[in-house]
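Novice: below are the sequence and a predicted model for it; my questions follow.
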Amino acid sequence: MCSSCCYSCLKAMVFIVNLLVMLVGMVVTGLAVWLLVSEHLYLSSSWEDFSLVTCAVLSVGLLISLLAFLACCGAITHSKCLLGMFVISLLALLVGEVSVAVLVYFKELDYRPLLRKGMHEIVTEKYHPNNTATVQYWNTIQQGFECCG
C-alpha cells in the first residue's frame, strides 16, 4: 500500500516539476523569439544577421521545453521509452556541459575571441537610440562593471 502511494507521489512530483521547467523553457523561447522579431523590425536587419547569442537562447529554450515535455508525457503515460529518452538526453547534456567546462578550464577552448566578436557586434551595430532594449541592457552592464561610461 505504501509503495503505491509513494510511487503516485513521485509520479506527481516528476510531472509538476517538469511542467514548471517546461513553462520556464517556453518563457525563454518566447523571450528569444521576441528578441529576434524586435531586432528584425527595429533594426531592419536581414534574417541572416541575427546575434549568435539570441539564436543560442532560442535553442536552449526549445531544448528545455522538449526535454520537460518528454518527462511529463513519460510520467503520465508510464512510458519507459519516453522516460528513457529523457534520462539519456539529460546525461548527454551533462556530459557535454562537463566537457566544455573542462576544455574552458584547461584553456583548450578559447572563448575570448567569440566574446570579443559578440561585444564588438553589439557596440558597433546594435547600440544606437533606435534599439532601446540593447541600449538599456548595455548601459546596465556597464554600470554593473563600473566601466566604459
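Specialist: Happy to help now that I have it.
Novice: same question for the strand or helix carrying residue 60, mean pLDDT?
Specialist: Using DSSP states H and E, residue 60 maps to helix 52-77. Mean pLDDT, helix 52-77: 88.
Novice: in the helix or strand just after that helix, what's buried?
Specialist: Later in the chain than helix 52-77, the nearest helix or strand by DSSP H and E is helix 80-105. Residues of helix 80-105 classed as buried by neighbour count (16 or more other CB atoms under 10 Å): 82, 83, 85, 86. Just so you know, the C-beta spots here come from the backbone N, C-alpha and C atoms, and that holds for glycine as well.
Novice: any idea how far the helix or strand of the chain with the lowest mean pLDDT is from the chain center?
Specialist: The helix or strand with the lowest mean pLDDT-type score in the chain, counting by mean pLDDT, DSSP states H and E, is helix 132-145 (a mean of 71). Relative to its chain's centre, helix 132-145 lies at 20 Å (CA atoms, centre = their mean, to the nearest Å).
Novice: same check, this time on stretch 51-68
Specialist: For stretch 51-68, the distance to the chain centre is 4 Å (CA atoms, centre = their mean).
Novice: list the buried residues in that stretch.
Specialist: By 16+ other CB under 10 Å, the buried positions in stretch 51-68 come out as 51, 54, 57, 58, 61, 64, 65, 67, 68.
Novice: quick one, phi psi at the closest residue to the last one other than its chain neighbours?
Specialist: In other words, residue 68. The shortest distance from residue 68 to any non-neighbouring residue, by CB to CB, 6 or more residues apart in numbering, is to residue 22 (3.5 Å). With angles defined as degrees, to the nearest 10, residue 22 sits at phi -60, psi -40.
Novice: verify the contact between residue 22 and residue 63 for me.
Specialist: No. Residue 22 is beyond contact range of residue 63, at 11.3 Å (criterion: CB atoms under 8 Å).
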